[in-house]
Structure formats: C-alpha cells, structure tokens
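Enquirer: sharing a model that was predicted from the sequence below.
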Amino acid sequence: MAAATHTATTPVRLSEYYFPTLKETPAEAELASHKLLLRAGFMRKTAAGVYTLLPLGWRVVRKIEQIVREEMDAVDAREMRMPILQPRELWDESGRWNDYGPELMRLHDRHEREFCLGPTHEEIITALIAADIHSYRQLPFCLYQMNTKFRDEIRPRFGLLRGREFLMKDAYSFHATPESLSEYYEVQAAAYGRICDRMGLIWRRVEADSGQIGGKVTAEFMALADAGESDIVYCDCGFAADIEVFQGDQSDEARAAAADEKQAGECVPDVDATPAVCPTCGQALQRARGIEVGQVFEVGPKYSQAMGVNYTDESGVEHPIIMGCYGWGITRSLAAAVEQHNDEAGIIWPVGIAPYEVCVIRLGDDEAVAAAADALAAELASAGVEVVIDDRAERPGVKFNDADLIGWPVQVVVGARGLAAGTVEVKLRATGDKHDVACAESATHIQALLS
RNA sequence: CGGGGUGUAGCGCAGUUAGGUAGCGCAUCUGCUUUGGGAGCAGAGGGUCGCUGGUUCAAAUCCAGUCACCCCGACCA
C-alpha cells in the first residue's frame, strides 16, 4: 500500500480540522499550483516568498520527506541536522562570504558578530568532518539533512516554486577517489529517479554536464511542466538536456567540424531553426519546460581544498577529500506535483503523497447515514488506510466541491439514497470514475483500489 | 536593480478622471425554509480607504514622500 509509513488508526474528522478553502482565487497567484494550494487550504502567504504551511500542506511535506528519507537511507546516506544560523568565519574560509553575493541572507547578533542563514551547507559539513576524518579507511560515506534554507531571491515568485525560505534535502558524500565519487553519484541519481516515481512526477534526468574535459559533472531532475523555468530537449530513448547546454554542445561540435574542414565563415549553425536530433539515437528531439526538483553534483575537491580537509592514503600521502552534493527541493517538488496533477476542479494528488488517501463524504446528518459513514471510516482506518470523514454540517455541494478542490484520491459518498439500496458511491479523483459498491464490500473494495 | 501595475471589510472588486465624510458580490452572525454538485428569503455585524506629511471649510479621491505586494527581465534548488 502506498505511504505505509503513516499508519492511521482513527479517522480524522473534518469538522475539527483546519483547512480554510477559498471560493475565489487570491489575486496574488498566477500558476495553477500556487492558486490551488492557497484555495484548497494547504498554505498561506506570510511575506513575499515566505509561506505558512497549514495542516494539509505540512502533511504532504512530511510524506515527501518520508519518501526522500527512505530512499536516502536505502543508499546508505545517514540523516543528521545542521544549524541554519551559520557564522561568517566558515564562509570566509570557503571564500563564499564574498562570492555568494546578495542572495546570501546575512545578519548580525547584538555583539555585531556576523552570521548568515544557510542557503546550503557545504561549509558546515566540510568543517565538521575536517575535525574527525583523516584516513582513507574512513571513506566513503554520505550524510544528509532536511532543513529550511534561505536565499534572498532577487524576485521570489510562483508560490512554493521560488521562495526565499524553503525546505530542501541536502546530502553530501565524501570519497578518496574520483572513481568512488562517480560510482556513488550514479547511486544517488538512481535514488532520485525512484523519489520522482514515488511522488508520481513526470520527470526527466537532464544532463547538465558541459562535456568539457575536467568539467563539472551534474544532472538535474526536471518535473515536466509548462510553468517550469528551464527549457529542455528530450528523447524517447532517455536522452535529455538543458536547451542551452545542448545548443552549446552542438555549436562546439559544429565549430570543431568546421575547423577540421578548414572552412571559414559560418561556424555556428542556427540551432534554433534546425530541427534538433538526438545525439544518442538520432530521433527528432522534443522540447519541454521543466521544474528543477533535484540536482546531483560531482563537486570534487573544491571545498576540501579551500578549507584544507585532507585524508591520508595507503602510502601516507595526503589528498583533499573528494565530495559529491545532492539536493532535493521538498517544497518545490510539492508544488511541481500539483502543477502536473490538477484540473478545473482542483488538485489531483498522486496517492503516494496525498494528505490522506480516502475521504468519506457523509451527506446529511441522518442517524443511519452517520452510523454507516462512521463505521466505514473506522473500518478503513483500522486497516491502515489514511481516511478523513467529512462530518461537517455543510450542504452536499460544498462537500463535493471541497473534496475535488483538495484532491483526495478516493472519495466515498455515504448518503440516504445509496443506503436505501445498500450501497455507497466510490469516486476516483484522477479519472472521475464513479461507481456504486455494496456497503458490506466497500472497505475491501477501497483497499484494493489503493494497493 | 530596470520596466509595468496594485494597495478600499476575511476574499474578490467598484468608487479616484471632474474632492462633500464609503459601496457591491462572496464569506460571517441570527431566524425560518431547504438539503446528492459551492441554497433561498428576511435581518444584523464588520472598514485607522497601506503609512506619513501637505493643500483645502472638507481628502479614499489632489500633491510629496515612504512601505508592502504582484507581473516582465537579469540571478537561481
């Protein structure tokens, strides 16, 4: 069953929940994900690029975190926690107090000591392990955390997609050799693919490697969506690349070819006008926009050299430790999922990250109806299904509309009309499919739908 | 930071051009009716018109300053 880690035993009553839904779209929102997360009561804006996550939104965050946690644990990364408040001295060591620029959120304490709010944690973790890691025998290993990050964006926008405060998982691996790093880099990348799948994302792994010898190796995980800020090209064979990187590579090749043939003149083809062809399989490439939800990166010795973090090899020679970094945007991927899964009525949560799996919609307050709804919800809950019961004193239309807006994967309508025939109505949010099921079989039927 | 725009009730908006003491829809509260896709009728409550200063007998409206927020661009998980 999906999300087996959240074992529910008691149905949650919506009459006592907190999910203020809005009939009208707040004027501040443009994107579907932004509008819907506000309208459906998942979050509220506190300041530009700063959001409060309400119970429904926080619950989805925790589900995403749990998926990420399980996949990280599965590749032997160990969860830890680093401070958000970081002293300037560490950032001076890496040189980034100057290099990071105005995006670094800076502040000072009452004694005028300078700090920043971490946008990422390479400095902290590098300094941390420098004190304890000295030998090749202690390598490799990987540490990660899920934490709030701060970036003073020039222009925060699109709700959770580009905030100044956001949740990110950041993992850091440490190696003795480039081979060890490359091997683990692929292990992390594979884990990222599984995270995407479990979140129900439509995604592509985009090679952002420039191809230059000695260049950095990095791949971005893109959730395909028109609202995305990245332009990518991709192919059915699995090839995908950032459009600019791709065009750059194509130009380089063309330039090299032109040089080989000693031809003067047009050495840079107009790649925009040319129908692009997959360099791997030769098929025509497709174009799309993507939301970057994760990135894996072979950093190498950059920080360890800057901060003097070395290990001693078998022959007693010191080398800088080689690092890999792996970031996953928790809140951003939440918004990306909504961006991919919605319709006119609201959100359509993939079961794996839905705030709850089933909503039992009780129509009216007739005693027999209430008893049947309670019994069904209780049976589902005791079977481990995450279930809410809409026991609010609202009219049916309000409940139906809220249910579609919030996007519960499965809705079960319990009303007097159905009970008279001994049935309840089961609706699947994703397909809109509705069918009547005998009361006695409803719980098993719903569990089968979720498995 | 450049360009464009918006701040009036919890939300969405009108009113600003031609100054005269604030209005509409939704939401909220009360009552009655209603109850399978955001109900109807009747009544009620709720606003320092972003903030500061100025002009004027009089400012939501005119002038100056300032803050916040949104969109396009440069930057970025």
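Expert: Yes, it's here.

Enquirer: domains for chain A, by residue range?
Expert: A:12-19+A:356-450, A:32-343 (automatic domain parsing).

Enquirer: if I average pLDDT within each of those, which one is lowest?
Expert: Per-stretch mean pLDDT for those is lowest at domain A:32-343 (a mean of 89).

Enquirer: do that one and RNA strand B come into contact?
Expert: Yes: counting by C-beta under 7 Å from any atom of the strand, contacts between domain A:32-343 and RNA strand B involve A:39, A:45, A:47-49, A:101, A:103, A:151, A:153-158, A:161-163, A:166, A:168, A:220, A:229, A:292-295, A:327, A:329, A:331-332. Every residue, glycine included, has its C-beta placed from N, CA and C.

Enquirer: buried among those? Make that a ChimeraX selection.
Expert: Buried residues among those (16 or more other C-beta atoms under 10 Å), as a ChimeraX selection:
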select /A:39,45,49,151,153,156,158,161,162,163,166,168,220,292,293,294,295,327,329,331,332
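
Enquirer: next step: the residues of domain A:32-343 next to RNA strand B restricted to helices.
Expert: A:39, A:331-332 (DSSP state H).

Enquirer: what does the stretch 301-450 of chain A put close to RNA strand B?
Expert: A:327, A:329, A:331-332, A:345, A:363-364, A:395-398, A:400-405, A:413, A:415-419, A:425, A:427, A:434.

Enquirer: go again with 6 Å.
Expert: A:327, A:329, A:332, A:345, A:363-364, A:395-398, A:400-402, A:404-405, A:413, A:415-418, A:425, A:427 (C-beta under 6 Å from any atom of the strand).

Enquirer: coming back round to it: out of the ones in helices among the residues of domain A:32-343 next to RNA strand B, flag the one nearest to RNA strand B.
Expert: RNA strand B lies nearest to A:R332 out of those, by C-beta to the nearest atom of the strand, at 3.5 Å.

Enquirer: and that closest one, what does it touch?
Expert: Contact analysis of A:R332 by C-beta atoms under 8 Å, 6 or more residues apart in numbering lists A:160-161, A:166, A:291-293.

Enquirer: that one and A:A171, how far apart?
Expert: A:R332 sits at a distance of 16 Å from A:A171 (criterion: C-beta to C-beta, to the nearest Å).

Enquirer: and for A:W328?
Expert: In terms of C-beta to C-beta, A:W328 sits 8 Å off from A:A171.

Enquirer: residue ranges for the helices of chain A, please.
Expert: Going by DSSP H, chain A shows helices at A:32-39, A:55-74, A:88-94, A:96-99, A:122-130, A:178-198, A:243-260, A:302-306, A:330-340, A:367-382, A:396-406, A:416-420, A:439-450.

Enquirer: just name the most buried of these.
Expert: helix A:330-340 (a mean of 27; mean count of other C-beta atoms under 10 Å).

Enquirer: so who does the spatially closest residue to A:P301 that is not a sequence neighbour touch?
Expert: Excluding its sequence neighbours, the residue lying closest to A:P301 (C-beta to C-beta, 6 or more residues apart in numbering) is A:P320, at 3.9 Å. Going by C-beta under 8 Å, 6+ apart, A:P320 touches A:301, A:304-305, A:309-310.

Enquirer: what's the distance between A:P320 and RNA strand B?
Expert: Distance from A:P320 to RNA strand B, counting by C-beta to the nearest atom of the strand, to the nearest Å: 22 Å.

Enquirer: bridging residues for that residue?
Expert: For A:P320, the beta-bridge partners under DSSP bridges are A:N310.

Enquirer: residues in contact with A:A176?
Expert: Here A:A176 is in contact with A:136, A:139-140, A:311, A:313, A:319, A:321-322 (C-beta under 8 Å, 6+ apart).

Enquirer: out of those residues, which are buried?
Expert: A:136, A:139-140, A:311, A:321-322.

Enquirer: now, among these, which is nearest to RNA strand B?
Expert: Of all the buried ones among the contacts of A:A176, RNA strand B sits closest to A:I322, with 19.6 Å by C-beta to the nearest atom of the strand.

Enquirer: next up, the contacts around that closest one.
Expert: A:174-178, A:180-181, A:299-301, A:304.

Enquirer: quick check: closest non-adjacent residue to it.
Expert: A:H175 (4.5 Å).

Enquirer: my guess is the one you found contacts A:V187. True?
Expert: No: applying C-beta atoms under 8 Å as the test, A:H175 and A:V187 come out as separate, 11.9 Å apart.

Enquirer: so A:E123 sits against A:R96, correct?
Expert: Yes: in terms of C-beta under 8 Å, A:E123 counts as a neighbour of A:R96; the distance is 7.0 Å.

Enquirer: neighbours around the closest residue to A:G290 other than its chain neighbours, how many?
Expert: Once flanking residues are discounted, A:G290 sits nearest to A:M222: 3.0 Å by C-beta to C-beta, 6+ apart. A:M222: 28 surrounding residues under other C-beta atoms under 10 Å.

Enquirer: A:M222: what's it in contact with?
Expert: Counting by C-beta under 8 Å, 6+ apart, A:M222 touches A:203-206, A:228, A:230, A:232, A:240, A:290-293.

Enquirer: ok, A:V338 next?
Expert: Contacts for A:V338 (C-beta under 8 Å, 6+ apart) come out as A:32-33, A:36-37, A:347.

Enquirer: between those, which is closest to A:T9?
Expert: A:I347 (25.8 Å; C-beta to C-beta).

Enquirer: tell me the spacing between the closest one and A:R113.
Expert: Applying C-beta to C-beta to A:I347 and A:R113 gives a distance of 45 Å.
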